[in-house]
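In: A structural model of the following input is requested.
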Amino acid sequence: MEQQAVERMKELVERLNEAARVYYQGQDEIMSNYEYDKLYDELEQLEKDTGIVMSASPTSHVGYETISELPKEAHIAPMLSLDKTKEVEELTAFLGEQEGLLSLKLDGLSVILTYEGGRLAKALTRGNGEIGEVITNNARTFVNIPGQISYAGTLVIRGEALIRYSDFERLNTQTAEISEKYKNPRNLCSGSVRQLNNEITAKRHVHFYVYNIISAGEDARFATKKEELDWLSGFGFDVVPYKKVKGVNLPAAVEQFSKEVTTCDLPSDGLVLTFDDIAYSASLGRTAKFPRDSLAFKWQDELADTTLQEIEWSASRTGLINPVAIFEPVELEGTTVSRASVHNISILKELKLGIGDTISVYKANMIIPQIYENKIRSGNCKIPDRCPVCEEETELVNENGSIVLMCKNPDCYAKKIKSLSHFVSRDAMNIDGLSEATLEKLINMKLIHSVSDIFHLAQYKDVFVEMEGFGEKSFQNLMEAIERAKDVPLEKMIYSLGIKGIGLSMARLIVRTYPFTPSEMNQLTVEQLCEIDGIGEVLARSFVDFFANEKNQELVEQLEHILRIQYPESVSEQPLEGKTFVITGSLSHFDNRSQCKERIEALGGKVAGSVSSRTDYLVNNDIHSSSSKNKKAKELNIPILTEEELLVLLSGEPVRG
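Out: Numbers count the residues shown, from 1 in each chain. Purely as a prediction, here's the structure:
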């Protein structure tokens, strides 16, 4: 009966949320207020009866929160990957006489959820298998997970966070920025789950499908994997789609899945076979890399021969010019494809691509079109010596062993968008409301030519309110964001200029040592900059060259007249000079880690990301934590400070030794 109640709750959540969405968008109502209230009351009663509340339930809305960075935390057990095969015979041999569960290998992001006392307490990404990123706030916005369950003990489960194909297509049509940045649902999911603002995660409709219990109390012990998944399903979790199999029917189950996956809304790059008998699985143990109780099956790539028609050269915002193969359309995995990325010049030459060549193409993991081989290898493709965007000269550059094509023009349109996007980003000028897609529109309409033009957009109100995605309110919000941005610390203003290699911390080091006006920065020499601890000749040269450029100096002077720049206070007293800190865990006296980091750096200290022999203090409110950073600090006899003790140190007082 409880399972029926859970299914009814899911149905009610979906219907009520859809009704609310339609109502608030001013469309024709799909149900009366009376019917809405009746269904709402039914949902509320079911939640009381079962002790289960879905995260998307209209009875319990998640508050949105923005954080400065994703903290990291060690897993309670290693999160291993799976050994792989492409042969059904190998799957059958692996299963032997045992019974197993054959499930979809979902193509998203592995996420580990922890429930304490019935409530979602923590969520981690897989990370490197040992340490993951804490994404608890984002997980609370996942569409289909219960925020509350009726199990009172500690429950740790692992599953796949993903964005369904239908949601991916919808988001692509609604938001140009998504179609520009993310080429498939997996990339979009990874970018969504790891957002610093969980309101963005919520808008991306991330789903979660559980496939494993990592840890549970003694009252949650099962003989089979199927029992385990059924138990989780009873709490409202969606489990990964699976079929129970034996050796005799395994090939047929693989064949059935291979047909179903072509129309399935869930991204999948294969199957996973695991033993149903939990005790037998546990007896097998694991290798250093893989558990011995499961084996992944990768789809055999479907190949198709076609003719290469042209190489399209696509300029990116980083100055890279990427080759894209255009070929006669062919059917692959149920869809028509006609183009595939070649990635770089090294691959283009390795394949010896030529117009008119017969090439074999496939979809990597049934998703991304790739060239498998070139059967002719004529090699007649010419590498352009002019950028397809600005028509200025190109150059071949060796990047990490691969040859890439770059545009040499610093004023190239593609690069212009990148510099503008960096200028308005959160760590720079922090101007909310100017996405890359909006900036591109403004450039195309010739309203923006350089970053200084952003501060003169008020005169184009009539244009903005007619622009898709904007209106009176959006325009007003943008103007307020631009006005707020004029009050900017010197280091953020310097960072916003996009000087190669100069990040925010580096900019802070420079302005703390040389608090010149921006237009005076051209007086600095490479030798002077190299005197700053942490700055080498390459970065110093990059900084000096930027300010030696006449156009850059002109821009800096323009900004200096527009902005209300906040200069650093006297740096004569630097009590933390030469001290290195590492910050971990949650904070209560600072809004976020960035604020804490700024306080430390303002007093001459440095903040690093990991504990090493050069660390002077680890800041962690949980000094008894068994986290990897605490363990490392104790091994190296590095003091672990609580936040209160850090505040004492920042005030200039000594702390316990």
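In: can you show me the strands along the stretch 1-150 of the chain?
Out: Applying DSSP state E, counting those that start in this stretch to the stretch 1-150 of the chain gives strands spanning 53-54, 72-74, 84-85, 100-106, 109-116, 119-125, 131-133, 146-148.
In: lowest mean pLDDT among the helices and strands, pick that one out for the protein.
Out: The weakest-scoring helix or strand in the chain, judged by mean pLDDT, DSSP states H and E, is helix 176-181 (a mean of 52).
In: okay, buried residues for the following helix or strand past that one please.
Out: Counting by DSSP states H and E, the element after helix 176-181 in chain order, helix or strand, is helix 185-193. Neighbour-count burial for helix 185-193, counted by 16 or more other C-beta atoms under 10 Å, picks out 185-193. Bear in mind the C-beta positions are built from the backbone N, C-alpha and C, glycine included.
In: quick one, helix 185-193 and strand 100-106 angle?
Out: Interaxial angle of helix 185-193 relative to strand 100-106 (axes from the mean of the first three to the mean of the last three C-alpha atoms, to 10 degrees): 80 degrees.
In: what's the spacing between helix 185-193 and its chain's center?
Out: Distance, stretch centre to chain centre, for helix 185-193: 6 Å (C-alpha atoms, centre = their mean, to the nearest Å).
In: when you give positions from now on, start the count at 454
Out: With the count now opening at 454, the last piece we talked about shows up as helix 638-646.
In: correct me, but K816 touches Q823?
Out: Yes - using C-beta atoms under 8 Å, K816 is in contact with Q823, at 7.3 Å.
In: so where's the stretch 904-1053 of the chain shaky on pLDDT?
Out: By pLDDT under 70, the low-scoring segments of the stretch 904-1053 of the chain are 986-987, 1022-1027, 1044.
In: hmm, back to that, can you list the strands of the stretch 454-603 of the chain in TSV and add mean pLDDT?
Out: Formatted as TSV, these follow (pLDDT from 0 to 100):
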stretch	mean pLDDT
strand 506-507	88
strand 525-527	87
strand 537-538	84
strand 553-559	95
strand 562-569	94
strand 572-578	93
strand 584-586	88
strand 599-601	91
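In: packing partners for the helix ranked longest in the chain?
Out: Ranked by residue count, the top helix of the chain under DSSP state H comes out as helix 455-477. When contacts are defined as 3 or more C-beta pairs under 8 Å, 6 or more residues apart in numbering; DSSP states H and E, helix 455-477 packs onto helix 486-503, strand 506-507.
In: pick the most deeply packed of these.
Out: With neighbours taken as mean count of other C-beta atoms under 10 Å, the helices and strands packed on helix 455-477 reach their highest mean count in strand 506-507, at a mean of 24.
In: now stretch 745-755, how far from the centre of its chain.
Out: 26 Å.
In: now it: buried residues?
Out: Within stretch 745-755, the residues that count as buried by 16+ other C-beta under 10 Å are 746-750, 752, 754.
In: separation between V692 and L548?
Out: Plainly put, V692 is 20 Å away from L548 if you go by C-beta to C-beta, to the nearest Å.
In: does P822 touch S813 like I think?
Out: No - using C-beta under 8 Å, P822 is not in contact with S813, being 11.5 Å away.
In: the two: who's more crowded?
Out: Between P822 and S813, P822 has the larger neighbour count (other C-beta atoms under 10 Å), namely 19 against 16.
In: grab the nearest non-local neighbour of that one.
Out: Excluding the flanking residues, the one nearest P822 by C-beta to C-beta, 6 or more residues apart in numbering is A793, at 4.0 Å.
In: not counting stretch 580-595 itself, show me its contacts.
Out: 508, 515, 518, 520, 523-528, 531-534, 564-566, 573-579, 598, 600, 614, 645-648, 651-652, 654-655, 659-661, 1081 (C-beta atoms under 8 Å, 6 or more residues apart in numbering).
In: can you map out the helices along the stretch 904-1053 of the chain?
Out: For the stretch 904-1053 of the chain, applying DSSP state H, counting those that start in this stretch gives helices covering 914-919, 925-938, 943-949, 957-966, 979-983, 990-1001, 1003-1015, 1046-1055.
In: winner for burial among the ones you listed?
Out: helix 943-949 (a mean of 23).
In: how far away is the residue nearest the centre of the chain from I653?
Out: Centroid-nearest residue in the chain, with C-alpha atoms, centre = their mean: G644, separated by 2.4 Å. From G644 across to I653, the span is 9 Å (C-beta to C-beta).
In: cool, and I808?
Out: Going from I808 to I653 by C-beta to C-beta gives 42 Å.
In: so what's the residue count around the closest residue to R611 other than its chain neighbours?
Out: Excluding the flanking residues, the one nearest R611 by C-beta to C-beta, 6+ apart is N665, at 4.5 Å. When neighbours are counted by other C-beta under 10 Å, N665 registers 20.
In: ok, N665 - contacts?
Out: Residues near N665 by C-beta under 8 Å, 6+ apart: 610-612.
In: among the residues you listed, name the buried ones.
Out: 610-612.
In: using CSV, lay out these together with distance to F1043.
Out: As requested, the buried ones among the contacts of N665 are exported to CSV (distance: C-beta to C-beta, whole Å):
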residue, distance to F1043
I610, 32
R611, 32
G612, 33
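In: closest to L1029 out of the residues you listed?
Out: Distances from L1029 to the buried ones among the contacts of N665, taken as C-beta to C-beta, are shortest for R611 (41.0 Å).
In: so the closest one sits in a strand?
Out: Yes - with DSSP: H, G, I helix; E, B strand; the rest coil as the criterion, R611 is part of a strand.
In: show me what contacts D730?
Out: Contacts of D730 (C-beta under 8 Å, 6+ apart): 551-552, 676-678.
In: so H1042 touches L1100, yeah?
Out: Yes - counting by C-beta under 8 Å, H1042 does reach L1100; the two are 6.3 Å apart.
In: ok, back up a step: and the contacts of N665, which is closest to A735?
Out: Nearest to A735 among these, with distances taken as C-beta to C-beta, is R611, at 15.8 Å.
In: now the closest residue to K894 other than its chain neighbours: how far from K656?
Out: Of all residues not flanking K894 in the chain, M920 sits nearest, at 6.7 Å (C-beta to C-beta, 6+ apart). Using C-beta to C-beta, we find M920 at a distance of 20 Å from K656.
In: repeat for A458
Out: Distance of A458 to K656, computed by C-beta to C-beta: 29 Å.
In: tell me where the stretch 804-953 of the chain has strands.
Out: So, for the stretch 804-953 of the chain - with DSSP E, counting those that start in this stretch - the strands run 811-817, 821-827, 847-852, 855-860, 940-942.
In: so can I have TSV of the ones you listed showing distance to T759?
Out: Shown next, in TSV, are the strands of the stretch 804-953 of the chain (distance: least, C-beta to C-beta, whole Å):
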stretch	distance to T759
strand 811-817	6
strand 821-827	10
strand 847-852	28
strand 855-860	24
strand 940-942	53
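In: confidence score at G723?
Out: We note a pLDDT of 89 for G723 in this prediction.
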